[in-house]
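Q: Mind folding the following:
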Amino acid sequence: MAFWTQLGLLLWKNFTYRRRQTFQLLIEVAWPLFIFFILISVRLSYPPYEQHECHFPNKAMPSAGTLPWIQGIICNANNPCFRYPTPGEAPGIVGNFNASIVSRLFSDAKRLLLYSQQDTSIKDVQNVLGKLRKLGNTSG
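A: Residues are numbered from 1 along each chain as shown. Below is the predicted model:
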C-alpha cells in the first residue's frame, strides 16, 4: 500500500472512532482548552514586572584554592544582586576579597609561620601579644 492510502485509511478510522465516542471527544478537546484558559487568567492577573540586569559577586571554585573558595562562600552567603558588574567579573580575577579580614589573617599567619632567623616577626608577635594583654586589661 502507498503512503497516502495508509494515511487516508488511518484518518478515516480515527474519524469513525471519534464520531462514535462523542463524550470522549468532548473531554479530549475541552480539557486542554480549560488548562489553557487557566494559564491565561493567571498571566492576566499577575502581569510580569521588569527587573534590571542582575550581576552576582564571583564565587571561586575549590580548584582556585581553599581560601578563595571559603571566602566566596562566607562573603556571599546572602547572594546579593547588583545592578552593575562587580569587580570580580573581569577575566583572570579569582576573588575580590584581597582586603578582607580573612585574607589579612591568613597572610599574617603565613608570614609568622614562614619566618627566618633574620626576620623580626617574632618580635612583632610579642608586641602584638603585649598590646592584646593591655587591651584585655583595660576592657575587663
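Q: what residues are up against the residue nearest to the spatial centre of the chain?
A: Central residue of the chain (Cα atoms, centre = their mean): Asn79, 7.3 Å from the mean position. By Cβ atoms under 8 Å, 6 or more residues apart in numbering, Asn79 lies in contact with Phe56. All C-beta spots, glycine's among them, are computed from the backbone N, C-alpha and C.
Q: Confirm that it sits in a helix.
A: No - under DSSP: H, G, I helix; E, B strand; the rest coil, Asn79 falls outside any helix and is assigned coil.
Q: mind checking pLDDT for it?
A: Looking at Asn79, its pLDDT is 78.
Q: tell me the phi and psi of it?
A: Phi and psi for Asn79, reported as degrees, to the nearest 10, are phi 50, psi 60.
Q: just for the chain, where's the confidence low?
A: Where the chain drops to pLDDT under 70, the residues are 1, 88-103, 115-122, 139-140.
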